[in-house]
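K.L.:
sequence and predicted model, in that order:
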Amino acid sequence: MNSDVWFEWLLHHRHADDPAYGRLVQASVLGYADRLLDGARLGEGMSLVDIGAGEGLVAFRAIERIGASLQVILTDVSAPMLQYAESVSQIRNIRSQCAFLECSAERLEGINDSSL
């Protein structure tokens, strides 16, 4: 899999390639994701756009909470991050609920204004 600076930082440098510290970081970040999702008030049959999705943590957490009826669109400027997130979605058997778009937060190309 290709990499870039963002991919390397998020998957390796953020937790200094230390698996134990990585679990602590992941638990902390999941807490923030849960707070975000609590405020989003998602329900069955809805769609979520995760802008700057990174490894897909928010999108995948939302699917865990809502279930099979939730559709998510993950966007990121990093093609390697999107490839990584797509591979995770396949491992979790949720690929059919996900769409992946490489774009910046400023230019959400591929998402129509009235699509959601």
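P.N.:
That came in fine, so what should we check first?

K.L.:
next, the buried residues of the helix ranked longest in the chain.
P.N.:
Criterion DSSP state H: the longest helix present in the chain is helix 19-40. For helix 19-40, burial by neighbour count (16 or more other Cβ atoms under 10 Å) applies to 29, 33, 37. For glycine as for every other residue, the C-beta is placed from the backbone atoms N, C-alpha and C.

K.L.:
which residues does the helix or strand containing residue 75 contact?
P.N.:
Using DSSP states H and E, residue 75 sits within strand 71-76. Among residues not part of strand 71-76, those counted as contacts by Cβ atoms under 8 Å, 6 or more residues apart in numbering are 6, 46-54, 56, 59, 62-63, 82, 85, 97-103, 105, 108, 111.

K.L.:
check which element follows that strand along the chain.
P.N.:
Following strand 71-76 in sequence, per DSSP H and E, is helix 79-91.

K.L.:
so what strands line up beside the helix or strand that that following helix is followed by?
P.N.:
Going down the chain from helix 79-91, the next helix or strand is strand 98-102, by DSSP H and E. Applying DSSP bridges, strand 98-102 is found paired with strand 71-76 (parallel).

K.L.:
residue 3 and residue 80 touch, don't they?
P.N.:
Yes - in this structure, residue 3 is within contact of residue 80 by Cβ atoms under 8 Å, at 5.1 Å.

K.L.:
neighbour count: the two, which is higher?
P.N.:
Set side by side, residue 3 and residue 80 show more neighbours around residue 80, with 19 against 15, by other Cβ atoms under 10 Å.

K.L.:
OK, contacts around that one?
P.N.:
1-4, 6-7.

K.L.:
considering these, which possesses the most neighbours?
P.N.:
residue 7 (21 neighbours).

K.L.:
locate it within the secondary structure: which element?
P.N.:
helix 5-8.

K.L.:
counting by contacts, list what that helix packs against.
P.N.:
helix 79-91 (3 or more Cβ pairs under 8 Å, 6 or more residues apart in numbering; DSSP states H and E).

K.L.:
good, wrapping up.
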